[in-house]
Each structure stands twice: as structure tokens, then as C-alpha cells.
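A.B. asks: kindly generate the corresponding structure for this input.
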Amino acid sequence: MEYVIATTVSTDEVHLADGTVFANQPGSAGFYALAGMRVFTDKVMICGGIGPEYLSRHGEWYKKNHVSVEGLVVRSEISPTIVIHYYKDGSRIDEPNIGLHEFRALDPSIDEVFRCCDKNTKGVYVFKAAEREYLDALIRGKRQFGYKLMWEISEDACRPENIETIEAYLKDIDVFSINRGEAKLLYGTKDEWEAGERLMKAAPNWVFFRRGEEGAYIFAEGKRYECPSISDITVTDTTGGGNSSSAAVLYACCEGYDPQMAGCMGAAAAAEIIAQFGVPEVFTEEMKRRAMKRAKMCKEEINNG
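C.D. replies: As a prediction, this is how the structure comes out:
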């Protein structure tokens, strides 16, 4: 497969402040990354462990969107479900039915990831803490298959004691994705600019520095590229915006787009994902054309000042 998402999936049950409930919504960082990439290509699949109900709940979505389920392996007696409660003040609480350790145990093994790869694989996305053996194996896989690797780091790994380890990996990670809150935690600072500067100096390759509704930066070759959010769009649910934009940036990097355009493509993918609760029911060519048009307009606006 051209693109592989190597991260566990789950089911979301969304409770809105007005009492509306959206049950059986496919979710997780990996699933939103899959959706972000699916905006631009159907040559993408996800791999990882699932519970016995997952495909009966969500298999039709994969079928309608021409996404393979061959990388999903039943490996748990319980299907991870996250109950999300939204409140009138805009806050939310997530209540998973299993613990973080049990959830992460469903991440794909390296063998499961590599079974999804072949000589045509261009990019692999992984959402992980600083797990050295796992990252080392994926880096070795780059030499075997020739793909580019994105590491979207999890927040619990972003601690000052991990700075040396994380920065050491940046030479082998083609695109490193981190949000500004995580970056500030990593470097033990309240200054977003300082955290960004340190990352830019440490990374010889791309860093996708996510800034929420303010957009993102891409650091590449010692330069800072500003990538604003797409304006004049409907924002219904921001869940997964960062994951979806990250995967779209990986796609753009692998397809040869420059950093500025890649960041705009990330913003355009996120705009499609946050327009409804959960991910779109069906991805279409019209959606891809709309996203590309938005990305090109975004870049033109930046270039025109």
C-alpha cells in the first residue's frame, strides 16, 4: 500500500451539551489520520489490533470509502470505546472503557506494519510515545521499503528528560508532528516561540508545529513556513484536526510538494474533517478537488502577503 497508518483505532460515543448523542462513531488518532490522508488519496490503509465488534460497527465505512481492512487484526476481547461528553462551556471529558496501557497494547506490531508495506509504499504515519525499539524498527524499515516516516508524538512523551532522545531521532524522521502545547511541555517553557526555535535548530528534516485554530508552522531547512487555518469554513467538531492535518502533510511531503503547500494541504484536510462530528461518511473526488483548491488559495494568500 502507498500509505500506511500504524496506530490503533477505536469507537467514539459523542454526547453533546444539548443532549444529542452520536453513537458508534469510528475514532482515535490513527483513524483521524487515516481520514486526513483519505481526503487526498484512496491508496491508504490502517493497521492495528481491534476488538470483536469493530468491523461489524464500522466495516461499512471502510467499504464505502475503498479503504482496506486487511491490516486490522482482532486481538482483544474488548473493542475500545471512548465516551466523549461536551459541555456548554466548550470543555469535554473523555471516558475510555479500557486503560491507556491496554489501548496501546493494540498498536500494530512491527511485523504487522511491514505486512502492509511493499516496494510501492511512500509513507508511514505512527502516533507514539518515545518508544525506542519501535521507532528504531520503523527507521530500519525505511531502508527496506524506501518510505518516508512521520512520527506524531503523544503528549505523555513530551517531558524535558526526553529531549535528548527525541532530538536524536529527528535526523531519521522525515516529518515530526507536535503541537505547541506539547512542544512547551517538552522544553519546559511557556514560550511557544522558544520551543519552536529549539525544534527548528534540532531537526534537519520537516517539523509540523501545530497551533490549533491559529494554524501551523512547518520548519524545514532552517526556515519557518507559516500555514494559517482555512478561513470561512464550518467548524462543528475540532476532534482529530491535528491528526488529520498531520497525515495530509506526510502525503504532501511524499508527493513532492514544498513545505508551504504541504502545510496548506494539512489545513485543507483538517477543514474537511472538522466540518461534522466524526469523519465524513463518504470521501469523494469533489472533496479532494475542494481541498486542493483551498490549499492553493491558502498558499496564494500567503505569497501575496
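A.B. asks: from now on I want contacts and neighbour counts done on CA atoms only, so please keep to that.
C.D. replies: Will do.
A.B. asks: number of nearby residues for residue 127?
C.D. replies: If you count neighbours by other Cα atoms under 10 Å, residue 127 ends up with 20.
A.B. asks: low-confidence ranges, this structure, go.
C.D. replies: Within the chain, no stretch has pLDDT under 70.
A.B. asks: residues in contact with the helix or strand harbouring residue 127: which ones?
C.D. replies: Assigned by DSSP states H and E, residue 127 belongs to strand 123-128. Strand 123-128 has contacts (Cα atoms under 8 Å, 6 or more residues apart in numbering) with 2-7, 29-30, 147-154, 247, 250-251, 254.
A.B. asks: again, only using 7 Å
C.D. replies: Residues outside strand 123-128 that contact it (Cα atoms under 7 Å, 6 or more residues apart in numbering) are 2-7, 147-154, 247, 250, 254.
A.B. asks: how about stretch 186-202?
C.D. replies: Identification of contacts with stretch 186-202 by Cα under 7 Å, 6+ apart yields 158-160, 163, 167, 180, 183-184, 219, 222.
A.B. asks: top of these by neighbour count?
C.D. replies: Going by other Cα under 10 Å, residue 183 tops the contacts of stretch 186-202 with 28 neighbours.
A.B. asks: could you measure from it over to residue 94?
C.D. replies: When Cα to Cα, to the nearest Å is applied, the distance between residue 183 and residue 94 equals 23 Å.
A.B. asks: residue 1 and residue 301: what is the separation?
C.D. replies: Distance from residue 1 to residue 301, counting by Cα to Cα: 34 Å.
A.B. asks: who has more neighbours, those two?
C.D. replies: Higher neighbour count among residue 1 and residue 301: residue 1, with 19 against 11, using other Cα under 10 Å.
A.B. asks: check contacts around that one.
C.D. replies: Counted by Cα under 7 Å, 6+ apart, residue 1 has contacts 43-44, 116-118, 120-121.
A.B. asks: which non-adjacent residue is nearest residue 219?
C.D. replies: residue 207 (5.0 Å; Cα to Cα, 6 or more residues apart in numbering).
A.B. asks: burial measure for that neighbour, as a count.
C.D. replies: 28.
A.B. asks: assign a three-state SS to it, would you?
C.D. replies: strand (DSSP: H, G, I helix; E, B strand; the rest coil).
A.B. asks: which ones are touching the closest residue to residue 259 other than its chain neighbours?
C.D. replies: Leaving aside its chain neighbours, residue 259 sits nearest to residue 218 (6.4 Å; criterion: Cα to Cα, 6+ apart). Residue 218 makes contact with 206-209, 224-226, 259, 263, according to Cα under 7 Å, 6+ apart.
A.B. asks: now, of the residues you listed, which are buried?
C.D. replies: Among the contacts of residue 218, those scoring as buried are 206-209, 224-226, 259, 263 (criterion: 16 or more other Cα atoms under 10 Å).
A.B. asks: quick revisit: out of the contacts of strand 123-128, which sit inside strands?
C.D. replies: Counting by DSSP state E, the contacts of strand 123-128 place 3-6, 148-153 in strands.
A.B. asks: please enumerate the helices of this structure.
C.D. replies: Per DSSP state H, the chain carries helices over the ranges 29-38, 54-64, 100-104, 110-115, 132-145, 163-169, 180-187, 192-202, 241-254, 259-273, 285-303.
A.B. asks: dump the ones you listed into a markdown table; add distance to residue 72 as well.
C.D. replies: Below are the helices of the chain laid out as a markdown table (distance: least, Cα to Cα, whole Å):
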| stretch | distance to residue 72 |
| --- | --- |
| helix 29-38 | 12 |
| helix 54-64 | 9 |
| helix 100-104 | 14 |
| helix 110-115 | 9 |
| helix 132-145 | 18 |
| helix 163-169 | 28 |
| helix 180-187 | 29 |
| helix 192-202 | 34 |
| helix 241-254 | 19 |
| helix 259-273 | 22 |
| helix 285-303 | 26 |
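A.B. asks: confirm for me that residue 15 is in contact with residue 82.
C.D. replies: No: counting by Cα atoms under 7 Å, residue 15 does not reach residue 82; the two are 10.8 Å apart.
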